[in-house]
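only geometry, no sequence info:
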């Protein structure tokens, strides 16, 4: 599987090892560069240091949750245009709206569908440029 758009640098912030490894594998197999962080604090630091093209972030994590990551990134003007995607098991009514309110552009529910995940992320990237 190869990407149909220019390879992107994608930051994945996910505390679950299996989920982080799966998402990383799928995106790298499509030709993208993946930066991975196991919690929100590490992810926020990586985002500020590396300036990825898009950030995929779980919402429920130790140390710093995804809502705090979104607020931290959106506080900076340069981060207001970078797409933030919540990839989370939070899929109850109101969860998507809450994620969008704090600054996420999109909300994907877990479990992800490996067959369509990369295309979804590439569509978010294409829509941002």
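Arrived safely. Values in this document were obtained by computation on a predicted structure and should not be read as measured data.

Quick one: the helices in the protein, in order.
With DSSP state H, the ranges of helices along the chain come out as 17-29, 40-50, 66-74, 95-102, 114-128.

can you list those in TSV and add mean pLDDT?
Formatted as TSV, the helices of the chain follow (pLDDT from 0 to 100):
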stretch	mean pLDDT
helix 17-29	97
helix 40-50	95
helix 66-74	96
helix 95-102	91
helix 114-128	91
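
Quick one: closest of the ones you listed to residue 9.
Residue 9 lies closest, by CB to CB, to one member of the helices of the chain: helix 40-50, at 6.7 Å. Just so you know, the C-beta spots here come from the backbone N, C-alpha and C atoms, and that holds for glycine as well.

what sits against residue 110?
19, 87-89, 91 (CB atoms under 8 Å, 6 or more residues apart in numbering).

With respect to pLDDT, which of those residues ranks lowest?
The member of these with the lowest pLDDT is residue 91, at 74.
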